[in-house]
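Novice: Give me a 3D structure for the following:
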Amino acid sequence: MAIATPARPDAPASLAPTDLTGLTPQASVSAEPATREGVTIVVFSGEFDRVQAAFNIAVGAASSGLPVTMFFTFWGLDVITRPDARRIGRDPLRTAFRLMKPGGASRLPLTRFNFLGLGPRLMARLMGEFKMPTVPEMLELARSLNVKLVACTITMGVMGLTKEDLVPVDSYAGVATYLADAQARATNLFI
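Specialist: Purely as a prediction, here's the structure:
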């Protein structure tokens, strides 16, 4: 004989009571099938190790056939800034940003143990022993796997960057465009 507990009228369906044996639920709750797939990654950091992790995830997901968007903003724009981009901004503050953060995927500092710029070279050497691709190689690999690369237009203005200062990307957009893409994806990361 099954004894059921009374349901509260305001209880959600997922908390529907079951009999004390736990074998036969009184109400069946069916989960909606997941219809969203894919990954969006906000690349906020311009540090080598974090950017490498972002590309590892992006390339892994894209290799699995998932749609992937990488949204580069603030210091993350350094990853997609051309190494030969101009250093003079519209005003002294933007010029200071450009001089302090010269940009380019091969010029990224480490989060820890940067050692005045020697750390990234040491890390690249260690990664080379394991035949791991560099950040510039990961950028090209991501492109070849149709990872969508988006540069944040608002942050470009703040940092004094123009489209000519960046490597080719798929689009230039603001946060509203990113949010629309993120809502269509199952996984959203901020790195």
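
Novice: what about the closest residue to G104 other than its chain neighbours, neighbour count?
Specialist: The shortest distance from G104 to any non-neighbouring residue, by CB to CB, 6 or more residues apart in numbering, is to P83 (3.6 Å). Yep, even glycine has a C-beta here, placed from its N, CA and C like the rest. By other CB atoms under 10 Å, 12 other residues sit near P83.

Novice: correct me, but P83 touches V135?
Specialist: No - the criterion here is CB atoms under 8 Å, and P83 misses it with V135 at 12.0 Å.

Novice: ok, now which ones touch the residue nearest in space to the middle of the chain?
Specialist: The residue lying closest to the centre of the chain (CA atoms, centre = their mean) is I41, at 1.8 Å. Counting by CB atoms under 8 Å, 6 or more residues apart in numbering, I41 touches 54, 57-58, 68-71, 188-191.

Novice: Then I80?
Specialist: Neighbour list for I80: 72, 105, 139, 149, 151, 166-167, 169 [criterion: CB under 8 Å, 6+ apart].

Novice: Make a PyMOL selection of the buried ones in the residues you listed.
Specialist: Buried residues among the contacts of I80 (16 or more other CB atoms under 10 Å), as a PyMOL selection:
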select buried, resi 72+105+139+149+151+166+167+169
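
Novice: Need the worst-confidence member of the contacts of I80.
Specialist: On pLDDT alone, A105 ranks lowest of these, at 73.

Novice: what is the mean pLDDT for the lengthiest helix in the chain?
Specialist: Counting residues, the longest helix found in the chain (DSSP state H) is helix 48-63. The pLDDT scores in helix 48-63 average 94.

Novice: In strands, which of the contacts of I80 appear?
Specialist: 72, 149, 151 (DSSP state E).
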